[in-house]
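K.L.:
quick one, structure for this:
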Amino acid sequence: MTARKQRRRERQTHGTPIIDQIIELGGAGLDVVDLSRAPAGEPEAESHPGVVRLGVHRGGKAPPGAFEAFDILLSGDPGAPRPWVGMAPGEIDETILELAAAVKRRPIAAAITAQVLRVSLMVSFNEALAAESLAYSMLLASADFQAWREATPRRDRGDADAQRVSLTSEGEALTIRLTRPAARNAVDARMRDALVEALQAAVDLGEGPVVLEARDRRSARAGIWTSSARSPIRLRRT
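P.N.:
Take a look at the predicted model:
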């Protein structure tokens, strides 16, 4: 291992003095609030914006309320409704330790993620998408990502030249099919470009429904694209 890689590995494991100081001062990290002991009503999270706010309710039914001040809500009720994450009461402490360890390993990424998700609830979809893109670009330039990239071999899926998207017409309907099942139709640069071309073709064709299909049922969640020039899009998996 080169000296440069060793320095990056140390930064990844131990952090930097300035980051450690920010965490010590309460500017980052994880803040756990036991909602089982909180007074009646909806408690407020008073931590710094860079701190991930975790609300925990250990027993019984998850209390009603939006609890919008919290980034993550854990409940000892396995059937707790969203936004609660329900689990057996005995699993809560282990889950808290896992979350705390993850935040400690990547405090900057955790702080940015929490703040972007909060902001996304207060702005339009396009503004939220722009904020996420800016945050993601910044993280790609971080020392943590560079260290992870150097330590993680790139996977060769063997489909570099394979087709990503197919287009077929069935009557008035245009079908756009994602054709990368081996990778669960993960979107790479080639699929992104192919989707742009396919959606532009849908706009050029004019009226009529558009069906977006994924060739594999295990595919990642598909988003819905809409076009002012066409009818509402239907989604279908085959």
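K.L.:
tell me which element residue 53 is part of?
P.N.:
Per DSSP states H and E, residue 53 falls inside strand 51-57.
K.L.:
neighbouring contacts of that strand?
P.N.:
If you take CB atoms under 8 Å, 6 or more residues apart in numbering as the criterion, strand 51-57 is touched by 26-36, 43, 45, 47, 63, 67, 69-77, 80, 84, 92, 96, 99, 103, 110-111, 114. No exception for glycine: its C-beta is placed from N, CA and C like everyone else's.
K.L.:
filter the residues you listed down to the buried ones.
P.N.:
With burial judged by 16 or more other CB atoms under 10 Å, the buried subset of these is 27-31, 33, 35, 43, 45, 47, 63, 67, 70-77, 80, 84, 92, 96, 99, 103, 110-111, 114.
K.L.:
for the spatially most central residue of the chain, which three-state class applies?
P.N.:
When CA atoms, centre = their mean is applied to the chain, the residue found nearest the centroid is residue 113 (8.3 Å). Under DSSP: H, G, I helix; E, B strand; the rest coil, the three-state class of residue 113 is helix.
K.L.:
for it, give its distance to residue 143.
P.N.:
Noted for residue 113: a distance of 17 Å to residue 143, by CB to CB, to the nearest Å.
K.L.:
quick one: the residue lying farthest from the centre of the chain from residue 211, how far?
P.N.:
Computed with CA atoms, centre = their mean, the residue of the chain farthest from its C-alpha average is residue 171, at 37.2 Å. Separation of residue 171 from residue 211 (CB to CB): 11 Å.
K.L.:
at which residues are the strands of this protein located?
P.N.:
Using DSSP state E, the strands found in the chain span residues 29-34, 51-57, 72-75, 84-86, 165-170, 173-178, 210-214, 234-237.
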